[in-house]
Structure formats: structure tokens, C-alpha cells
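Trainee: please work out how this folds:
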Amino acid sequence: MPKASASKSSSKSAAAHKSNTHNKSKLPNGERFKLLSNAFLTLNKSFEKLPEFKNAVPGSKRLSDVITATAERLGDNYPYFHPLYAGQMLKPPHPVAQLAYALAMTINPNNHALDGGRATSAMEKEAVAQLAAMFGWTKFLGHLCSGGTMANLEALWVAGLSAPRKTILASSQSHYTHQRISKVLQLPFETIASDARGRIDLEILEKRLKRRGIGTVVVTMGTTATGSVDPLHEILALSTKYSFRIHADAAYGGYFTLLENLEPDTQKAFGAIGKADSIAIDPHKHGLQPYGCGCILFKDPGVGRWYKHDSPYTYFTSTALHLGEISLECSRPGAAAAALWATQKLLPLTKHGEFAQGLAKGRQAARALYKRLRADERFITTFPPELDIVIFALRAQSVSATSMISRRIFEAAARRDLHLALAELPIHFFHNLPPNMKRDHQTITCLRSVLMKPAHFDWLNQIWSRILASVSDVQNPKTGISRRRK
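Mentor: Numbers count the residues shown, from 1 in each chain. This next block holds a predicted model:
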């Protein structure tokens, strides 16, 4: 199971908000607040016929002090919004998403039912339909949820009901929540080993399928650790032969279906995603949304039968199907739907559009960084990035020495305001290990960089120079690091 850690550095580097990089970065400015103020005026007009009332706000005299204290506490964060944060899957929400979310919060709609969020329920249905259309679906069942974990839970819940007592299969590089969810749902679960590129091993998968008893295969469209894409197009052929459901976990990689310059096998996999039985996608990853905003989609609207319930306290003022009847979660923030709807209205999910161009730029940054790493003999790397994740480490006398050095570079980079991540990956992922390198462990602690912001491409020289400087910071004769460089 891959492990990835957040960028935890010394207290000096952890106080990233005090760095020059952070101070020069612009967070929401006066122009955004002006837009929000004007939007509030427009929203208030919808309710101006109501009689005025005095809204007493408890603690209003201390409000300013508490908000200031809150801002001070929030300053103790890594600069997730900045291109020098290149560690975990953290992408700043688009300003339109931030503004729409804040605007909707003044109403505080609950998308459990039309009574709780009439406008935002309609906005959710429209936004979700646009996500489904991205995968070629016009007839489907789907809704927003808190994130990929909840989306995958609903997918496996439906899978278990559709194929009782049958086993769920997923790659050893799939997200760990699939195994955890299966335990919660009391579904049999097995992992299939991954190949040398981090994808599910098709030969091992078919051997397991021949023994029968498989209800669903989870196909990961972009693994969390390396961004590897399982060959969905080939797994579909196996599903025809062995008859099982396919759930596409596209929480991280789903939006890459908009790109047309992926590697051939990757392109074929995304081209087949519309043939899956269910799809999970996280707008709060590549979709420019605040946390948490996930989405689950089912190709067959008939799975709605599993959600049917009778409740004496559910809303009855509308006869139309409400979202609470097709989701396991009840209360859900309407503000999340408003933010997604506004973002997709501003940046439609179209090939070659502004949104797709942003994805392409992040991937371009990842491939450019990979090329620089490959050209420097001091580094070892995994396979080329399929999406926008780069994995690397330094050559050393042994696997354990390389792992130790990775942790040191991780800390040194953070002191230079470059925030990477760490991952623990199998040594067979690394194709250029020196023949004389001692294999004293089967996994390597390596450096991981998710270049998912378009600005990462523009900042690539800065990122690269800080990586090299961090290597110099930790180099000494005792580490066994090669100083040769092409």
C-alpha cells in the first residue's frame, strides 16, 4: 500500500506564512470583496418584500477580535495556493468558487431536499449533468457528496447490493479506502498486484477472474501515489468475458478525459470511461472547488431503487424527486453546488477550453520536471508521469540510504520554501536503479511532487533550482551520493 506524507518540516520552515514567498503572494483582494458585495446586493433584492426584523448577533462586539485571531491561526499553514507548494493534491479554489460559496452561505441551503435548497438543488443537478456529459452520459443517476471516500462508498454499496456476496477487486496501488469501505460494508475484498508502471497487473487479474466469484473490479483512473491509470479499455474486455461490474475511481484523474495529448494507452483508458458502471470524481481536486466536493455517477439510473426509503419527516411540499432520495448522505451543503455550478458556467468542461488548458499546463510541468531529473545522473526516477505526478529520489549505495536522503531533502526543500511530499513505493517502480545498489529494502522512500497548478509550469525553473539547492544542502561524503551530473 503506498504511503504519502504531508510536508512536515522544522518549525522554521513550517511557519511558511512568514517567508518572503508567502508575503509577496496575493490572497483574495479588494476586487473580489467588491464583487461579493455587489452580489450580496443582488441576492438581497430577492427578499426585499419581506418585513424587516432585528437580527441580534450574539458576540457581535467581539467579532472583529475573533476573526483577527482566526486569521492569525490560519497563517500557520503551508502555502497551498502558491506554486512552490508542490507536494500533495492541493489546488486553490477558483475565485468564482470562493465567491459563490460565500454568497450561498448567507442562505445556508441544505441540498438534502428541495425544501432545504430549492435553487442550489437545481444548480447541483445542472452541474452534475455537466460532469456526466464530460464522460458521454446523458442518462444517469448522480449527485455531489463530501469527497471521493463517500463517492466510492456509495459505488461499492450499490455494487454489493447488485452482486451479493461477490468479491471486490482493486489494484494494490488503489486508494486504501476501498479496502476500508469493503470492511464497513462487509464485502469480500482482494487486492491485485500492480505492474512496473503502478497499474493493475492484467495477467494476475485474469488469473483471479478465472476462479470466479468477482462482483466488481475497481479501476483507478490516476493513482494517488504516482498518477498511474489502470487500462480500463482492456479491463472492459475482461468484463465481457467474466461478467463483473466496473467502478472507475476517477477521484483524482477524471478531468483528464478532456485532454487529447495523453500517452496512447492512457488516452484509450480515458476514452473508455463512459463504459464503466459507476464513476467517482472529486471536483475539489482538479475541479477548482473548495473541500469537500465529490461526485458519484451511475450509468444505470435504475440503481436508484437501492436508495428508496419512507420517512415521516422528509419534505413533502414537492412531488419532484429530491436529492435526498438518491444519496446516502442526508444534509449536504448547497453552497458546494453553487460553487461548482458557477465555476463550470465560467469555465465549461470542454476539450481545448480554458479549464482543459489549465490541466494540460500542469501535466506539461510534470513532464518537463521529469525530463530534467532523467538528464541528471544523480537522480533515480520511476516511469514518465501519465498525468501530473512526478516521483524521484537520489542514487545512493543502498535503498535504505536513498530513503534516508529523501527525508533529508524533503526537510531541506521545506526550509527553502519548496514543499514536496514523501511516498513509500516498491523498488520495481524505479527503472534506473544502479546495478550495484544494495537492495536492502523492497520499498524506497522517495520524493513526490504533484504539479497540478497551471502556475507550476511558469515556476519550473524556481522549483528545479530549489531541488538542486536542497540536494547540495544534504550532500556530504558519508551519504554516498554521486556528484556526477550530465
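Trainee: pLDDT below threshold where in the chain?
Mentor: Scanning the chain for pLDDT under 70 picks out 1-28, 309-322, 476-486.
Trainee: domain-wise, how is the protein divided?
Mentor: 3-20+354-474, 104-346 (automatic domain parsing).
Trainee: show me what counts as buried in stretch 202-211.
Mentor: Leu202, Leu205, Arg208, Leu209 (16 or more other Cβ atoms under 10 Å). Yep, even glycine has a C-beta here, placed from its N, CA and C like the rest.
Trainee: closest to His352 among these?
Mentor: Closest to His352 out of the buried residues of stretch 202-211 is Leu202 (32.1 Å), distances taken as Cβ to Cβ.
Trainee: residues touching the closest one, list them.
Mentor: Asp195, Pro231, Glu234, Ile235, Leu238 (Cβ atoms under 8 Å, 6 or more residues apart in numbering).
Trainee: I'd like those residues as JSON lines, with neighbour count appended.
Mentor: What follows is the contacts of Leu202, written out as JSON lines (neighbours: other Cβ atoms under 10 Å):
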{"residue": "Asp195", "neighbour count": "20"}
{"residue": "Pro231", "neighbour count": "21"}
{"residue": "Glu234", "neighbour count": "18"}
{"residue": "Ile235", "neighbour count": "25"}
{"residue": "Leu238", "neighbour count": "18"}
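Trainee: count of neighbours near Ala133?
Mentor: 13 (other Cβ atoms under 10 Å).
Trainee: can you give me the strands in the stretch 101-250 of the chain?
Mentor: 141-145, 167-171, 189-192, 214-220, 245-249 (DSSP state E, counting those that start in this stretch).
Trainee: listing partners with orientation, what would you give for the first one?
Mentor: What that stands for is strand 141-145. strand 294-298 (antiparallel) (DSSP bridges).
Trainee: quick check: the gap between Ala360 and Ile192.
Mentor: According to Cβ to Cβ, to the nearest Å, Ala360 stands 31 Å off from Ile192.
Trainee: the two: which has the busier surroundings?
Mentor: More crowded of Ala360 and Ile192, by other Cβ under 10 Å: Ile192, with 24 against 20.
Trainee: list the contacts for the more buried one?
Mentor: Leu169, Ala170, Ser171, Ser172, Ile200, Asp201, Ile204, Leu205, Arg208.
Trainee: for it, list each beta-bridge partner.
Mentor: Assigned bridge partners for Ile192, using DSSP bridges, are Ser171.
Trainee: report the separation between Ser239 and Leu262.
Mentor: 22 Å.
Trainee: if you could redo that for Gln98, that was the one I meant.
Mentor: Per Cβ to Cβ, Gln98 is found 30 Å from Leu262.
Trainee: kindly report the same for Pro95.
Mentor: With Cβ to Cβ as the criterion, Pro95 and Leu262 are 29 Å apart.
Trainee: what does Thr350 give?
Mentor: According to Cβ to Cβ, Thr350 and Leu262 sit 17 Å apart.
Trainee: between those two, who's got more neighbours?
Mentor: More neighbours surround Leu262 than the other of Thr350 and Leu262, with 19 against 13 (other Cβ under 10 Å).
Trainee: in this structure that one contacts Glu386, no?
Mentor: Yes. Between Leu262 and Glu386 there is a contact under Cβ atoms under 8 Å: 7.1 Å.
Trainee: closest one to Lys49 among the domains of the chain?
Mentor: Across the domains of the chain (criterion: Cβ to Cβ), the nearest stretch is domain 104-346, sitting at 16.1 Å.
Trainee: hang on, the earlier thing: turn the domains of the chain into TSV, columns for distance to Lys34.
Mentor: Listed next are these as TSV, based on distance: least, Cβ to Cβ, whole Å:
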stretch	distance to Lys34
domain 3-20+354-474	23
domain 104-346	17
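Trainee: for those domains, which one sits closest to Phe47?
Mentor: Closest among the domains of the chain, using Cβ to Cβ: domain 104-346, at 9.3 Å.
Trainee: ends of that closest one, what's the gap?
Mentor: 17 Å (Cα to Cα, to the nearest Å).
Trainee: also stretch 214-228?
Mentor: The straight-line separation of the ends of stretch 214-228 (Cα to Cα) is 23 Å.
Trainee: what do you get for stretch 141-152?
Mentor: 14 Å.
Trainee: which parts of that stretch are buried?
Mentor: Leu141, Gly142, His143, Leu144, Cys145, Ser146, Gly147, Gly148, Thr149, Met150, Ala151, Asn152.
Trainee: off-centre distance for it?
Mentor: In terms of Cα atoms, centre = their mean, to the nearest Å, the centre of stretch 141-152 is set 13 Å apart from its chain centre.
Trainee: go on, stretch 466-479?
Mentor: 31 Å.
Trainee: buried ones in that stretch, by neighbour count?
Mentor: Applying 16+ other Cβ under 10 Å to stretch 466-479 flags Arg466, Ile467, Ser470, Val471, Val474, Gln475, Thr479 as buried.
Trainee: can you flag which of those belong to helices?
Mentor: Mapping those onto helices (DSSP state H) picks out Arg466, Ile467, Ser470, Val471, Val474.
Trainee: tell me if I'm right that the last one and Arg415 touch.
Mentor: Looking back up the chat, that one is Val474. No. Counting by Cβ under 8 Å, Val474 sits too far from Arg415 to count as a contact (10.8 Å).
Trainee: from Phe379, how far out is the nearest residue to Thr402 once chain neighbours are set aside?
Mentor: Nearest non-adjacent residue to Thr402, counting by Cβ to Cβ, 6 or more residues apart in numbering: Ala396, 4.4 Å away. For Ala396, the distance to Phe379 equals 11 Å [Cβ to Cβ].
Trainee: Glu190 now?
Mentor: For Glu190, the distance to Phe379 equals 35 Å [Cβ to Cβ].
Trainee: one more: Tyr242?
Mentor: Separation of Tyr242 from Phe379 (Cβ to Cβ) stands at 41 Å.
Trainee: neighbour count for these two, which is higher?
Mentor: For Tyr242 versus Phe379, neighbours defined as other Cβ under 10 Å are more numerous around Phe379 (20 against 16).
Trainee: which stretches of the stretch 1-150 of the chain form helices?
Mentor: Per DSSP state H, counting those that start in this stretch, the stretch 1-150 of the chain carries helices over the ranges 11-14, 20-23, 30-45, 63-74, 95-105, 118-134, 148-162.
Trainee: pick the most deeply packed of those helices.
Mentor: Neighbour counts (mean count of other Cβ atoms under 10 Å) averaged over each of the helices of the stretch 1-150 of the chain peak at helix 148-162, with a mean of 23.
Trainee: which strands and helices sit next to that helix?
Mentor: strand 167-171, helix 177-184, strand 214-220, strand 245-249, strand 278-281, strand 294-298 (3 or more Cβ pairs under 8 Å, 6 or more residues apart in numbering; DSSP states H and E).
Trainee: at 10 Å instead, please
Mentor: Here helix 148-162 touches strand 141-145, strand 167-171, helix 177-184, strand 214-220, strand 245-249, strand 278-281, strand 294-298, going by 3 or more Cβ pairs under 10 Å, 6 or more residues apart in numbering; DSSP states H and E.
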